[in-house]
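Trainee: Okay, here's the prediction I keep looking at, along with the sequence it came from:
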Amino acid sequence: MTRLSPWARPLRAAAATMLLAASASAFAAGEPVRSGNLYRAGPTVRIAEPVGGDLLAAGGRVVVERTVARDAAIAGGDVTLHADIGEDLRAAAGQVRLEGRVGGDARIAGGRVSLARTAVVAGEARLFGGEVEVLGRLPAGSRIRAGHATIAGEVDGDLHVEADSIELQPGARIKGKLIYASARPLVRDPAAQIEGGEVRQPMPEHPGAPQRGQAASGFGAVMALLGLVAAAAVWALLFPELSQRAQARLAKAPGTSLALGAAVFVVVPILMLVLLITIIGAPLALALLAAYGLVLLAGYLVVAGMLGDRLLQATTRAEPTRAQHLLALAAAVVLLGLLAVVPVVGWLLTLVALMAGTGALVERLRPTPKATSA
């Protein structure tokens with residue numbers, strides 16, 4: 001675990017690096033870099049021109065409309081690939097839809113993963129998701145891990161599936177074996193074809209494992225929350241002035257803080273990936289990764305501090321003591337932690353808090369231009 005006491009230098013260095021990255025408008029707007037490669041980030045990213053090399057994209061919504069000649073690595077909330085990918089595809093999103101051909105391997109993960117009837121994967125296919133739907137064509141040896149898997153396409157050989165429930169629809173044609181593990185009986189339409197037969201395997205889980213896993217998960221969550229409370233106390237004690245200034249900025253301009261934080265949140269990871277590609281930039285990428293985590297944590301605590309101040313204003317009329325400030329901050333951290341476990345809304349609120357607090361912190365750390373006398 002990262003030690004929290006010597007924060008001053010890492011915070012300032014990380015903030016300066018992030019400001020540089022956030023101000024790189026050409027990079028964020030999607031200007032091509034290197035020969036044929038394209039790097040793009042933003043709330044909505046649309047690839048409307050052919051990409052002659054690799055594609056690296058991240059955004060709330062990513063749509064690939066034209067062919068990518070080489071590899072594609074894409075992350076976002078909603079990813080749709082209408083066009084072909086010449087070589088390997090790596091995609092992770094809340095929802096991923098593939099409609100074109102992947103000339104190499106495909107590694108896709110998401111809440112929902114869908115391969116349309118026009119989708120074809122030539123290399124290895126690994127699909128992971130809460131819901132996975134295959135209407136297109138997969139190569140032999142493809143693997144699917146899902147909560148619910150729907151197969152209505154063609155597989156050129158054996159297919160391995162691990163899911164809570166599996167459904168084979170009329171269009172399904174598996175030219176090898178269906179090797180599967182499922183908590184529920186396989187649902188197979190009479191028209192679905194399996195040329196090599198079915199092989200059912202036990203689910204890779206032992207009796208009592210869910211209870212032990214839930215207990216361990218609950219204990220880990222409590223310990224993480226306590227660690228976050230301790231980090232909040234360290235932050236408030238070591239950097240009271242910076243914390244207050246960032247909270248004031250967030251209260252005054254929440255929209256601007258959120259926009260700046262979103263830019264930092266999206267652009268900096270892409271910058272780190274770009275640096276990792278080059279040998280000379282790899283050490284800088286690792287340093288930036290460590291600093292990035294610290295600044296995101298500090299930004300989150302800025303939001304907790306503002307919420308704690310609001311709690312104090314609502315419950316205390318007299319001037320609060322330092323101890324009361326710390327107790328209110330701890331209560332705010334616990335409240336945010338409880339909100340984070342609410343399905344869908346929880347992670348969305350946490351994401352907004354991270355971005356808004358980070359934006360306010362970066363804004364307060366940015367050097368103020370000196371006024372020039374006439």
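Mentor: Noted; the coordinates are in hand.

Trainee: where does the stretch 251-374 of the chain dip in pLDDT?
Mentor: The stretch 251-374 of the chain contains residues with pLDDT under 70 at 278-281, 366-374.

Trainee: List the buried residues for the helix or strand hosting H325?
Mentor: Assigned by DSSP states H and E, H325 belongs to helix 322-340. Burial within helix 322-340, assessed by neighbour count using 16 or more other C-beta atoms under 10 Å, is assigned to 324-334, 336-337, 340. For every residue, glycine as well, the C-beta is placed using N, CA and C.

Trainee: residues contacting G129?
Mentor: Residues in contact with G129 (C-beta atoms under 8 Å, 6 or more residues apart in numbering) are V96, I108, A109, G110, G111, R112, V113, A146, G147.

Trainee: and those residues, which are buried?
Mentor: Those of the contacts of G129 that meet the buried threshold are V96, I108, A109, G110, R112, V113, A146, by 16+ other C-beta under 10 Å.

Trainee: For E162, see how far away the closest residue in space to the fourth one that isn't next to it in sequence is.
Mentor: Pointing back at G110 there. Spatially, and ignoring its direct neighbours in sequence, G110 is nearest to V96 (4.3 Å; C-beta to C-beta, 6 or more residues apart in numbering). From V96 across to E162, the span is 19 Å (C-beta to C-beta, to the nearest Å).

Trainee: What are the boundaries of the helices in the chain?
Mentor: For the chain, the helices defined by DSSP state H cover 8-22, 25-29, 209-238, 240-252, 254-277, 282-315, 322-340, 345-365.

Trainee: one step back: identify those among the contacts of G129 that sit within strands.
Mentor: Counted as lying in strands by DSSP state E, out of these, are V96, I108, A109, G110, G111, R112, V113, A146, G147.

Trainee: from those, which is closest to L275?
Mentor: Closest approach to L275 among those (C-beta to C-beta): A109, at 23.7 Å.

Trainee: Return the residues in contact with the closest one.
Mentor: A109 sits next to A91, A92, V96, L127, F128, G129 when contact means C-beta under 8 Å, 6+ apart.

Trainee: Return the member of those residues nearest to V268.
Mentor: Each of the contacts of A109 was scored against V268 by C-beta to C-beta, and A92 proved nearest at 17.3 Å.

Trainee: pretty sure the closest one is touching G110, no?
Mentor: Yes. Assessed by C-beta atoms under 8 Å, A92 is found in contact with G110 at 6.4 Å.

Trainee: Quick one: neighbours of P170, just the number.
Mentor: By other C-beta atoms under 10 Å, 11 other residues sit near P170.

Trainee: what bridges to A163?
Mentor: On the basis of DSSP bridges, A163 is bridged to A146, S182.

Trainee: give me the number of residues near D54?
Mentor: D54 is flanked by 20 other residues according to other C-beta under 10 Å.

Trainee: Show the contacting residues for it.
Mentor: Taking C-beta under 8 Å, 6+ apart, one finds G36, N37, L38, V68, R70, D71, A72, A73 in contact with D54.

Trainee: cutoff 10 Å now
Mentor: Contacts for D54 (C-beta atoms under 10 Å, 6 or more residues apart in numbering) come out as 34, 36-39, 68-73, 86-88, 277.

Trainee: Against V62, how distant is it?
Mentor: Look at D54 and V62: by C-beta to C-beta, they are 15 Å apart.

Trainee: Show me how the record splits this structure into domains.
Mentor: Domain segmentation of the chain under automatic domain parsing yields 30-200, 209-365.

Trainee: Tabulate the ones in strands among the contacts of G129 (a markdown table), appending pLDDT.
Mentor: Supplementary listing: those in a markdown table, determined by pLDDT from 0 to 100:
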| residue | pLDDT |
| --- | --- |
| V96 | 91 |
| I108 | 91 |
| A109 | 85 |
| G110 | 80 |
| G111 | 82 |
| R112 | 89 |
| V113 | 93 |
| A146 | 92 |
| G147 | 91 |
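
Trainee: Now flag whichever of those is closest to R249.
Mentor: Comparing the ones in strands among the contacts of G129 against R249 with C-beta to C-beta picks out G111 as the nearest, at 33.9 Å.

Trainee: That closest one and G130 touch, don't they?
Mentor: Yes. With contacts counted by C-beta atoms under 10 Å, G111 reaches G130, the gap being 4.9 Å.

Trainee: Determine the residues that are contacts of both of these two.
Mentor: Common neighbours of G111 and G130 (C-beta under 10 Å, 6+ apart) are G94, Q95, G147.

Trainee: does the last one really touch D164, like I thought?
Mentor: Yes. If you go by C-beta under 10 Å, G147 and D164 touch, sitting 5.2 Å apart.

Trainee: now stretch 227-243: how far from the chain's centre is it?
Mentor: The chain centre lies 26 Å from the centre of stretch 227-243; the measure is C-alpha atoms, centre = their mean, to the nearest Å.

Trainee: Can you point out the buried residues in that stretch?
Mentor: L228, V229, A231, A232, A233, W235, A236, F239, L242, S243.

Trainee: need the residues you listed in JSON lines with distance to G357 and pLDDT, can you?
Mentor: Formatted as JSON lines, the buried residues of stretch 227-243 follow (distance: C-beta to C-beta, whole Å; pLDDT from 0 to 100):
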{"residue": "L228", "distance to G357": "13", "pLDDT": "77"}
{"residue": "V229", "distance to G357": "16", "pLDDT": "78"}
{"residue": "A231", "distance to G357": "13", "pLDDT": "78"}
{"residue": "A232", "distance to G357": "12", "pLDDT": "81"}
{"residue": "A233", "distance to G357": "17", "pLDDT": "80"}
{"residue": "W235", "distance to G357": "11", "pLDDT": "82"}
{"residue": "A236", "distance to G357": "14", "pLDDT": "82"}
{"residue": "F239", "distance to G357": "13", "pLDDT": "85"}
{"residue": "L242", "distance to G357": "12", "pLDDT": "89"}
{"residue": "S243", "distance to G357": "10", "pLDDT": "87"}
